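**Student:** Generate a structure from the sequence data that follows.
(chains A and B)
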There are 2 protein chains.
Amino acid sequence: MTDSARQACIVGIGETRYAKWGGITDASERGLACEAVQNAAADAGLDVGDIDGVGSFADDRNLGVLIARDVGMRELRYAGMSWLPGGGGACGALGSAALAVEAGQAEAIVVYRSLCQGQHFRFGSAAASYGQLPTPGFHQASNLLEAEMAFSLPFGMFSAPIAYAMVMQRHMHLYGTTSEQMGAVAVATRAHAQRNPRAVMHGRPMTLEDHQASRMVAEPFHLFDCCLENDGACAVIVSTAERARDLKRPVIRIAAHAEGAPGEYGWGPFLDTNGSDALYAGGGTDVIARDVWKKSGMGPGDVDVAQIYDHFTGLVLLVLEAFGFCERGEGGTFAASGALAWPHGKLPNNTHGGSLSEAYMHGMNHINEGVRQLRGDSTCQVDGARTCLVTSAAGVPSSAALLVRD
Amino acid sequence: MTDSARQACIVGIGETRYAKWGGITDASERGLACEAVQNAAADAGLDVGDIDGVGSFADDRNLGVLIARDVGMRELRYAGMSWLPGGGGACGALGSAALAVEAGQAEAIVVYRSLCQGQHFRFGSAAASYGQLPTPGFHQASNLLEAEMAFSLPFGMFSAPIAYAMVMQRHMHLYGTTSEQMGAVAVATRAHAQRNPRAVMHGRPMTLEDHQASRMVAEPFHLFDCCLENDGACAVIVSTAERARDLKRPVIRIAAHAEGAPGEYGWGPFLDTNGSDALYAGGGTDVIARDVWKKSGMGPGDVDVAQIYDHFTGLVLLVLEAFGFCERGEGGTFAASGALAWPHGKLPNNTHGGSLSEAYMHGMNHINEGVRQLRGDSTCQVDGARTCLVTSAAGVPSSAALLVRD
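**Tutor:** Numbering: from 1, shown residues only, chains lettered A, B, ... in the order given. Okay, the predicted model is just below:
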């Protein structure tokens, strides 16, 4: 660890209400972004005018410099977008903000995600224009990925569940992973959401039988293996350790962060060109895990609680394996053992309810929950939690961050 | 200065052919990007597979992770897009890459710009959809800016020359700046292009009389006050000083970089809400100049040669003032004195021909030319040049970098 005065820390978190897809009609994505930024500043005890940087990640439909102006930043010294498509970029954007703060480029950077999908092009939806360039709308990064799919779209692989289903089929073939084991991820997460009033699925408990009985979306994924789609926004503010100590919240260090992918699999299930097991068995996050442990000098045994990106239940298993919480191929057994469930599991995971049951904010809310755990005020609080791993996506270029409270 | 092993350096530069707007019809933007990346790797003496990061800036119509795959990177550890709209981001993207390399996130990051405007939505063109959200096409950042213009578009302020003309009108009013003084910028730059075979305006010399006789676009801007529009691509590779010393080119340090804008003017001429002279007299780059000099411990007297972003001649004057090469309001006199002309000027500027006469690559080619000067192989070589200032845009959130050869 470093204890330098400029060590990057998360000093504030904020969010708006979360609603189902299309559920927010009285505010714009831009307005929600500003609300989340303002809430994060208030949480930190920071004048929003003192924020001097803005970050987000690919597929953002807003423009950071306009958010900066709207909320009243007095000066802008950083504006960066992590270029990891889809959900891969939340921790990447956090990491890029950390680099800028540590280097002295800015003093306080807000990183946000805002979604009003009912008012815009829907992320991940199939369109007649797929495979053409240019593709319509703002859905830049993901649309460009989809435009790559000229050879797979005609055969029906036109959405994320279908593409990721193939990844999981391979994992099931290689290791005997079962639908019930994936269901354990969903059931634990839904249980956590029952204690979290922010969660879209609050008040809607679910059993493994419910999971098994839910309709099939793309084999092996049942409906309850797939994340929600939501409207809302959330934001975190990154500043220095020195500043963090002067503000009103506990000091949460960004101890390590990493992003990327191994080249051998061609960057994801939509694009795989050689069927390598680096994708089909590992989700491509092994290289990020390697960098996070190397930079932090820590390992899976040091982690008290995790917020693993849960676009689909099965991908959580692959990431747990890649980060060494269990052996390769043992993710299903690990989950089914109750390891991911609060309060008694070995590694309580997605204690807010995750993308499956709190809200699908492209992984930004996983960072917020990581901060809550280390502050000691999660609704599924892990006693004495000091270290939290947060990951963003798997199976596409991805990212991760290790948060530590000393 | 730092001499640490990880100090960020530019180890390679590359470009494709440059052509007039719509002139490249036998290659895509993505293909040109790959060609520029490959050329930069060859220039560095680096295996393209060893590049492990990719960067660009707002309005890029490609997706970095696909470029990374296309050129054959073996692993991706950084993908970032500077979020400064329009031409403001070239040095910002360079700076973000520098931060990532210095922090050890990646070992070699390529930053590129690629344009085939004839095949796509034209940057900066007016459209019936302006003022609506969502706007069409890929022109994300700039279109969002333009969507802000609901209160100015109906009065005819629908393009960059018109908006920036107002900035210059104010400068002329305050300081007595003249069209002939702006012409001195264009004439010097065109002369430089006559020695540069890459330049689109190579073989087409221009006098001040030609400048004065060219048609008015938006008063005070004549045609020859406005940059070109071009197709082509260019790229630079950022790596560590340690790596740079093992490669085949002279070691060029990124001694300082900065980005951003002061909040008081509302982020630019399209968006100005209060008519502050921070915009109208300074182009908003004062804060970047402050940070570049502070970080580098250098000042304008240390600079041997400059590549000042030249979307419009007059904005060059504002940036020269902001960086302290002359007093506020003296930019016109400075330019008219011959200060910007190679070989005898006090500060030879845009020795490649700039955006006015080499090519409009949104400022990326200014970085390439800065590297050429410090290597000693510009076609308008400044004897013994060791320090070059490069800037990206003015009047919108902007960026700058100071390059040094020790």
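**Student:** Give me the pLDDT for the closest residue to chain B within the stretch 301-406 of chain A.
**Tutor:** Nearest to chain B, among the residues of the stretch 301-406 of chain A, is residue A:397, at 5.0 Å (Cβ to the nearest Cβ). Bear in mind the C-beta positions are built from the backbone N, C-alpha and C, glycine included. pLDDT, residue A:397: 88.
**Student:** and what of residue A:70?
**Tutor:** The per-residue pLDDT reported for residue A:70 equals 88.
**Student:** got it, and the one 10 residues further on?
**Tutor:** Model confidence at residue A:80, expressed as pLDDT, equals 95.
**Student:** Can you tell me the SS state at it?
**Tutor:** Using DSSP: H, G, I helix; E, B strand; the rest coil, the structure places residue A:80 in strand.
**Student:** correct me, but residue A:302 touches residue A:387?
**Tutor:** Yes. Contact status for residue A:302 versus residue A:387: in contact at 5.4 Å, counting by Cβ atoms under 8 Å.
**Student:** Between the two, tell me which one has more neighbours.
**Tutor:** residue A:387 (22 against 15; other Cβ atoms under 10 Å in any protein chain shown).
**Student:** Do any residues in stretch A:358-375 lie close to chain B?
**Tutor:** No. Shown here: stretch A:358-375 not in contact with chain B (Cβ under 8 Å from any Cβ of the partner chain), separated by at least 15.6 Å.
**Student:** Neighbours of the closest residue in space to residue A:385 that isn't next to it in sequence, how many?
**Tutor:** Leaving out its chain neighbours, the residue that sits closest to residue A:385 by Cβ to Cβ, 6 or more residues apart in numbering or on different chains is residue A:304, at 4.2 Å. Neighbours of residue A:304 under the rule other Cβ under 10 Å: 18.
**Student:** who's in contact with residue A:304?
**Tutor:** A:373, A:382, A:384, A:385, A:386, A:387, A:388 (Cβ atoms under 8 Å, 6 or more residues apart in numbering or on different chains).
**Student:** Turn these into TSV, columns for pLDDT and secondary structure.
**Tutor:** TSV is the format used below for these (pLDDT from 0 to 100; DSSP: H, G, I helix; E, B strand; the rest coil):
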residue	pLDDT	secondary structure
A:373	98	helix
A:382	98	coil
A:384	97	coil
A:385	98	coil
A:386	98	coil
A:387	98	strand
A:388	98	strand
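**Student:** biggest separation within the residues you listed, which pair?
**Tutor:** Maximum pairwise distance in these, criterion Cβ to Cβ, is 12.1 Å, between A:384 and A:388.
**Student:** what are the ranges of the strands in chain A?
**Tutor:** A:8-15, A:19-20, A:53-57, A:75-76, A:78-82, A:108-115, A:216-218, A:221-222, A:230-240, A:252-262, A:305-307, A:387-392, A:398-404 (DSSP state E).
**Student:** rewinding a little: who has more neighbours, residue A:384 and residue A:388?
**Tutor:** residue A:388 (29 against 8).
**Student:** so how far is residue A:84 from the residue nearest to that one when sequence neighbours are not counted?
**Tutor:** Spatially, and ignoring its direct neighbours in sequence, residue A:388 is nearest to residue A:370 (4.1 Å; Cβ to Cβ, 6+ apart). Distance of residue A:370 to residue A:84, given as Cβ to Cβ, to the nearest Å: 18 Å.
**Student:** right, so the strands of chain A: which one is the most enclosed?
**Tutor:** strand A:78-82 (a mean of 33; mean count of other Cβ atoms under 10 Å in any protein chain shown).
**Student:** Strand partners (parallel or antiparallel) of that one?
**Tutor:** If you go by DSSP bridges, strand A:78-82 pairs up with strand A:53-57 (parallel), strand B:78-82 (antiparallel).
**Student:** For the ones you listed, could you give me CSV that also reports distance to residue A:17?
**Tutor:** Formatted as CSV, the strands paired with strand A:78-82 follow (distance: least, Cβ to Cβ, whole Å):
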stretch, distance to residue A:17
strand A:53-57, 20
strand B:78-82, 29
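**Student:** Residue A:366: which of these is closest?
**Tutor:** Nearest of the strands paired with strand A:78-82 to residue A:366, taken as Cβ to Cβ: strand A:53-57 at 13.1 Å.
**Student:** Need the mean per-residue confidence for the closest one.
**Tutor:** Mean predicted lDDT for strand A:53-57 stands at 96.
**Student:** contact partners of stretch A:326-345?
**Tutor:** A:171, A:174-178, A:180-182, A:184-185, A:187-189, A:191-192, A:281-282, A:316-318, A:320-321, A:325, A:346-351, A:380, A:382-383.
**Student:** which residues in chain A form helices?
**Tutor:** A:29-44, A:64-71, A:90-102, A:140-147, A:160-175, A:179-193, A:208-213, A:241-246, A:277-280, A:286-296, A:313-322, A:331-336, A:364-375 (DSSP state H).
**Student:** hmm, back to that, out of the strands of chain A, flag the one nearest residue B:97.
**Tutor:** Of all the strands of chain A, strand A:78-82 comes closest under Cβ to Cβ, at 11.0 Å.
**Student:** pretty sure residue A:405 contacts residue A:370?
**Tutor:** No. At 10.2 Å, residue A:405 does not count as touching residue A:370 under the criterion of Cβ under 8 Å.
**Student:** Any stretches of chain A with poor pLDDT?
**Tutor:** Scanning chain A for pLDDT under 70 picks out the ranges A:1-3, A:120-151, A:264-276, A:278-279, A:281.
**Student:** so what's the residue nearest the centre of it closest to, chain neighbours aside?
**Tutor:** Chain A has residue A:363 as the residue nearest its centroid, 2.2 Å off, counting by Cα atoms, centre = their mean. In space, and not counting its chain neighbours, residue A:363 is closest to residue A:90: 3.8 Å by Cβ to Cβ, 6+ apart.
**Student:** Just give me the neighbour total for that neighbour.
**Tutor:** A total of 33 residues lie near residue A:90 under the criterion other Cβ under 10 Å.
**Student:** just residue A:187 next, same as before
**Tutor:** Residues near residue A:187, counting by other Cβ under 10 Å: 26.
**Student:** Now it: closest residue in space that isn't a chain neighbour?
**Tutor:** That would be residue A:208: by Cβ to Cβ, 6+ apart, it lies 5.3 Å from residue A:187.
**Student:** what residues are up against that neighbour?
**Tutor:** So residue A:208 contacts A:180, A:183, A:184, A:187 (Cβ under 8 Å, 6+ apart).
**Student:** Only the buried subset of these, as a PyMOL command please.
**Tutor:** Buried members of those can be picked out in PyMOL with the line below, counting by 16 or more other Cβ atoms under 10 Å in any protein chain shown:
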select buried, chain A and resi 183+184+187
